[in-house]
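**Student:** predicted model, plus sequence, below.
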Amino acid sequence: MKMVKSLILGTAVAFAATAGAQAADMPVKAKPVSYVKICPQYGPGFYYIPGTDICLKVGGLVFAEIGYYASGAITTLGNGAANLQDDPTLQWRTRGYISLDARQNTAYGTLRSYILGGFQQLGSNGTGPFGVAAAAYAPANNVFIQYAFIQFAGFTAGTANSFFDFGSNYLTLSVASNPWNWTNTFAYTANLGNGLSATISIEENTTVRTGNGAVVATQNVNQDAPAVVANLRLDQAWGSAQVMGAALQTRYTNGHEWGYAVGAGIELKLPMLGAGDTLKIVAVTSEGAVEYTGLSGSPYGGIAGIGLGFDGGASFTTVLDGFALGNQTEASSVMVQFRHFWTPTIRSSFHAGYNEAYNRVGGFGGVQVVQYGHSLAWSPVKDLTLSLDVLYTEIDANQTESDKLATWFRVTRTF
């Protein structure tokens, strides 16, 4: 028996040795190696940059859109004659964005750098609305940086949304009653606990002054003081709320004057109506700082804007913010927006807004803007959205009335 066991064991060893020798002669398939390591602490899409402890998320967005009666302008205001125009031509625009979000843990919390920029192509044979050169409607000659900021230990420095702004517009078309500005800023945000935060910010005021000084010779666009903005914000499971204020300086040849704006906003989640449903209300009042009511229409000076804008031979902002010391314009706005998901892939957004501004000096009586809008969006697959917006605008400027109906179709792909 011992002899049999020894024979079997010896045969097995010899067979194993022979098999091992043959295997050594064959190519060995290496195990897959993950050269990019997932960085889970900041959410999906973040990966470690190899050889560092920095987490990076790369993303982007592409949209193509076409609009009809999609811009409007008040082209003269300084002499008291308001010329309200409709633009019946088709407007075309294509944009591509790239975003980079880099984050890193430090002893003082997260260090974050964020960049969002891209390229733009306008149609109309190189012109924008009313035959204005396309370059006037495109940031940095069709190449632009929308956001570029650093956040660290509560501080924000760079180009970001004004801390006066609250939430985002539910429609593709811009609306007159929604403050919408990105600007150069240095800000500090204190986390007070339980979802409550407070921010104080100094911001470049020329980015919210559309064409300041273009008409009224007594005004000077150069600034010797930043805009001062503060907000108190609450974020909870039911939604968000914010109160905000801004102080803005206007310079004249014989001195300067400070204007102000105060506002409040609330956004409520309404799951009882539908998953993802929200209602947003924003109200602002101002004196000498009309742009914070949203009436300027765009953060870029001289842009007529999509949906509603003010442009042309006279500077709308200059006229509204004041003609001379002691003659600042009073303005206010209120906006209500509701977003409803009919299905997980189909949603509607409804808008109602009102603006008014008055300054009896210089022949400019005032302007009232009423807007109603609806956006229907469909996302047939993840990260692809087709939307159609319709926006009705009624303008009464210096007792001259005009109305228009704008439509805008957009296809958006995010990644």
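**Tutor:** Perfect, thanks for sending it. All figures in this text were calculated on a predicted structure; none of them were measured in a lab.

**Student:** what residue ranges in this protein score low on pLDDT?
**Tutor:** For the chain, the stretches with pLDDT under 70 are 1-35, 69-89, 123-141, 206-223, 252-254, 296-325, 360-365, 397-399.

**Student:** 50 instead, please
**Tutor:** 1-5, 7-33, 72-85, 125-141, 207-220, 297-319 (pLDDT under 50).

**Student:** need the helices for it, in chain order.
**Tutor:** 2-25, 316-321 (DSSP state H).

**Student:** isn't Asn327 up against Asn359?
**Tutor:** Yes. In this structure, Asn327 is within contact of Asn359 by C-beta atoms under 8 Å, at 6.5 Å. In short, each C-beta sits where N, CA and C put it, glycine included.

**Student:** give me the more crowded residue out of the two.
**Tutor:** Neighbours were counted for Asn327 and for Asn359 using other C-beta atoms under 10 Å; Asn359 has more, 24 against 15.

**Student:** partner residues bridging Gly67?
**Tutor:** Gln91, Trp408 (DSSP bridges).

**Student:** contacting residues for it?
**Tutor:** Leu90, Gln91, Leu173, Ile306, Ala406, Thr407, Trp408, Phe409 (C-beta atoms under 8 Å, 6 or more residues apart in numbering).

**Student:** of the residues you listed, buried ones?
**Tutor:** Gln91, Leu173, Ile306, Ala406, Trp408 (16 or more other C-beta atoms under 10 Å).

**Student:** for those, which one is nearest Glu65?
**Tutor:** Trp408 (6.2 Å; C-beta to C-beta).

**Student:** hmm, Leu386 and the closest one touching each other?
**Tutor:** No. Assessed by C-beta under 8 Å, Trp408 is found out of contact with Leu386, at 12.0 Å.

**Student:** list the beta-bridge partners for Trp182.
**Tutor:** Asn161.

**Student:** before we move on, what about Val334?
**Tutor:** Counting by DSSP bridges, the residues bridging with Val334 are Ala283, Tyr354.

**Student:** neighbours of it, how many?
**Tutor:** The burial count for Val334: 17, using other C-beta under 10 Å.

**Student:** contacting residues around it?
**Tutor:** Contacts of Val334 by C-beta under 8 Å, 6+ apart are Ser177, Ile281, Val282, Ala283, Val284, Gly353, Tyr354.

**Student:** circling back: what's the farthest-apart pair in the contacts of Gly67?
**Tutor:** Most distant of the contacts of Gly67, by C-beta to C-beta, are Leu90 and Leu173, 14.8 Å apart.

**Student:** what about Arg95, how many residues nearby?
**Tutor:** Using other C-beta under 10 Å: Arg95 sits among 20 other residues.

**Student:** that one against Gly117, yeah?
**Tutor:** No. Contact criterion C-beta under 8 Å: Arg95 and Gly117 do not qualify, at 10.5 Å.

**Student:** quick one on the thing from earlier: how about a markdown table for the contacts of Gly67, with distance to Arg103 added?
**Tutor:** Formatted as a markdown table, the contacts of Gly67 follow (distance: C-beta to C-beta, whole Å):
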| residue | distance to Arg103 |
| --- | --- |
| Leu90 | 42 |
| Gln91 | 38 |
| Leu173 | 34 |
| Ile306 | 33 |
| Ala406 | 39 |
| Thr407 | 40 |
| Trp408 | 35 |
| Phe409 | 36 |
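
**Student:** and the strands in the stretch 51-200 of the chain?
**Tutor:** For the stretch 51-200 of the chain, applying DSSP state E, counting those that start in this stretch gives strands covering 55-68, 72-74, 84-86, 90-106, 109-122, 143-152, 155-161, 182-193, 196-203.

**Student:** from the contact counts, what lies against the last one?
**Tutor:** Under the contact definition 3 or more C-beta pairs under 8 Å, 6 or more residues apart in numbering; DSSP states H and E, strand 196-203 sits against strand 182-193, strand 227-236.

**Student:** what sits up against the last one?
**Tutor:** Residues from elsewhere that reach strand 227-236, judged by C-beta under 8 Å, 6+ apart: 162-164, 166, 183, 185, 187, 195-205, 208, 240-249.

**Student:** just stretch 148-160 next, same as before
**Tutor:** Under C-beta under 8 Å, 6+ apart, the answer for stretch 148-160 is 106, 108-117, 145-147, 182-191, 201.

**Student:** quick check: end-to-end length of that stretch?
**Tutor:** Taking C-alpha to C-alpha, to the nearest Å, stretch 148-160 runs 7 Å from one end to the other.

**Student:** so for that stretch, what gets flagged as buried?
**Tutor:** Ala148, Phe149, Gln151, Thr156, Gly158, Thr159, Ala160.

**Student:** got it, and stretch 53-62?
**Tutor:** So for stretch 53-62, counting by 16+ other C-beta under 10 Å, buried means Ile54, Cys55, Leu56, Lys57, Leu61, Val62.

**Student:** closest to Phe341 out of those residues?
**Tutor:** For those, the nearest to Phe341 is Leu61 (21.0 Å; C-beta to C-beta).

**Student:** among the contacts of stretch 148-160, the buried ones, what's the PyMOL command?
**Tutor:** Selecting only the buried entries of the contacts of stretch 148-160 in PyMOL, with 16+ other C-beta under 10 Å as the criterion:
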select buried, resi 112+113+114+115+116+117+146+182+183+184+185+187+189+201
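
**Student:** identify the farthest-apart pair in the buried residues of stretch 148-160.
**Tutor:** Gln151 and Thr159 (12.6 Å).

**Student:** how about the nearest residue to Ala225 once chain neighbours are set aside, what does it touch?
**Tutor:** The shortest distance from Ala225 to any non-neighbouring residue, by C-beta to C-beta, 6 or more residues apart in numbering, is to Gln249 (4.6 Å). Shown in contact with Gln249 (C-beta under 8 Å, 6+ apart): Asn205, Gln223, Asp224, Ala225, Ala227, His256, Glu257, Trp258, Gly259.
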